[in-house]
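Student: one predicted model, sequence on top.
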Amino acid sequence: YSAKTWGDPVWEGKCKMVAKGSKGLILLENVDGGYFAKSPVEADTQLEGCVDSSRYFVLKVVGEGGRKAFVGVGFGDRANAFDLKSGIQRFQNILKAENDAKSGKNNLIPDTDFSLGAGEQIKINLGKDKLKSPTERKKKSGKKKRTKKKSKSGEEVPNDWVTF
């Protein structure tokens, strides 16, 4: 496809990518809130790009009664075109992750057997200090209790938080 051969636009409006569950749609929305066209997004959907621009694509739209057509879509800003492409990829990545989880692919449990063999032992050496309660260890070490520091706005913030 070549965008320079398309001529004047037939329609202008908003382009949205929406999804619910495993169903995704690209909506071409009119200024009045109605829809010019809807394009389903599935696990294998890809935008067909134009050879002469990264801002122009061809969508397969599905109308009432299941009729299909190919519609050229162009964006004035490259960032908006990128947002649509990345929205489709994010949706497809979510679908793939859900399907992999259902089928057991990418299982995080290793297949390696870590059990001890016959006659093998593990020795764990705990010092006497380790057996005392945390309160007794603090008294022995003489460390003070952690205090809260104040942020720039004067609010108390725990020590393990980062203040910007």
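Tutor: Cool, got the structure. Numbers count the residues shown, from 1 in each chain.
Student: contacts and neighbour counts: CA atoms only from here.
Tutor: OK.
Student: wait, what's in contact with the closest residue to residue 2 other than its chain neighbours?
Tutor: What sits nearest to residue 2 in space, not counting adjacent residues and going by CA to CA, 6 or more residues apart in numbering, is residue 50, at 5.2 Å. Contact analysis of residue 50 by CA atoms under 8 Å, 6 or more residues apart in numbering lists 1, 2, 3, 56, 57, 58.
Student: how does it look with 7 Å?
Tutor: Going by CA atoms under 7 Å, 6 or more residues apart in numbering, residue 50 touches 1, 2, 3, 56, 57.
Student: so who does the third one touch?
Tutor: I take that to be residue 3. Residue 3 makes contacts with 50, 52, 53, 56, as judged by CA under 7 Å, 6+ apart.
Student: output stretch 4-22 as CSV, nothing but the C-alphas.
Tutor: Taking C-alpha atoms only, stretch 4-22 is exported to CSV below (Å, rounded to 0.1, in the frame of the first residue of the first chain):
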residue,chain,number,x,y,z
LYS,A,4,0.3,9.0,-1.4
THR,A,5,-2.2,7.3,-3.8
TRP,A,6,-5.1,7.5,-1.4
GLY,A,7,-6.2,11.1,-2.1
ASP,A,8,-8.5,13.2,0.2
PRO,A,9,-9.8,11.7,3.4
VAL,A,10,-13.3,10.4,3.4
TRP,A,11,-13.6,10.5,7.2
GLU,A,12,-12.0,12.2,10.2
GLY,A,13,-12.4,11.4,13.8
LYS,A,14,-10.9,9.5,16.8
CYS,A,15,-9.2,6.1,16.6
LYS,A,16,-9.4,4.0,19.8
MET,A,17,-8.2,0.6,20.8
VAL,A,18,-10.4,-1.0,23.4
ALA,A,19,-10.5,-4.5,25.0
LYS,A,20,-12.6,-6.5,27.4
GLY,A,21,-11.5,-10.0,28.3
SER,A,22,-10.1,-11.7,25.1
